[in-house]
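J.: take a look and give me a structure for this.
(one chain, ligands or ions: 1)
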Amino acid sequence: MTADTSPTSSTSSTSLIVCPHCHTTNRLDIGDVANATCGRCQQPMHSSKPVALDGASLNKHISRSAMPVLVDFWAPWCGPCRTMAPQFEAAAVDLAGEVLLAKVDTEAHQDVGARFNIRSIPTLALFKDGREVARTSGAMSRADLVKWARGQT
Ligand SMILES: [Zn+2]
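T.: Numbers count the residues shown, from 1 in each chain. Now for the predicted structure:
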């Protein structure tokens with residue numbers, strides 16, 4: 001399937017990972033995500049910052065990427081969302097290469113909020129292997145976010 005001849009990859013297999021920067025699908029060893037760069041945009045294949053997604057890019061990440069995606073459904077007018085934002089950013093540093101942290105503005109993308117049946121914000125949803133595996137509502141601290149995400153993957 002691939003021309004990978006790396007002698008170090010014998011115990012693992014390649015996966016499809018969607019680039020957090022340009023949303024191009026790359027094939028690589030999931031263990032190499034921390035060191036790999038995107039074949040298209042040349043940026044790292046992991047992100048230590050939350051990435052803003054819309055409906056199309058969110059779809060691509062949750063349906064095509066082997067990397068779990070933790071989505072913060074938020075809105076600019078939501079006080080608890082703004083309070084949680086720095087905590088979410090800090091958690092993205094802790095989870096870089098393990099889980100991609102993403103933000104969806106449910107005011108700018110109301111169709112996405114409706115599609116995922118977001119009733120209150122902030123809502124955090126974790127997607128893995130093409131499906132939603134966990135969801136919680138309400139602001140969380142950095143430590144709780146990391147613990148919650150790791151507990152589901
Ligand atoms: Zn890229």
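
J.: so which residues make contact with stretch 53-63?
T.: 18, 20, 23, 25, 67, 69, 71, 100, 102-104, 108-109, 111-112, 115, 127, 130, 132 (C-beta atoms under 8 Å, 6 or more residues apart in numbering). C-beta here means a position set from N, CA and C on the backbone, and glycine is covered the same way.

J.: just the buried residues out of those, in ChimeraX syntax.
T.: Buried members of the contacts of stretch 53-63, defined by 16 or more other C-beta atoms under 10 Å, are picked up in ChimeraX with:
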select :18,20,23,67,69,71,100,102,103,104,109,112,127
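
J.: filter the contacts of stretch 53-63 down to the ones in strands?
T.: Within these, residues falling in strands by DSSP state E are 18, 25, 69, 71, 100, 102, 103, 104, 127, 132.

J.: need those residues in a markdown table (columns: distance to residue 83 and pLDDT).
T.: Converted to a markdown table, those look like this (distance: C-beta to C-beta, whole Å; pLDDT from 0 to 100):
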| residue | distance to residue 83 | pLDDT |
| --- | --- | --- |
| 18 | 29 | 97 |
| 25 | 35 | 97 |
| 69 | 22 | 98 |
| 71 | 18 | 98 |
| 100 | 22 | 98 |
| 102 | 19 | 98 |
| 103 | 14 | 98 |
| 104 | 18 | 98 |
| 127 | 24 | 97 |
| 132 | 24 | 97 |
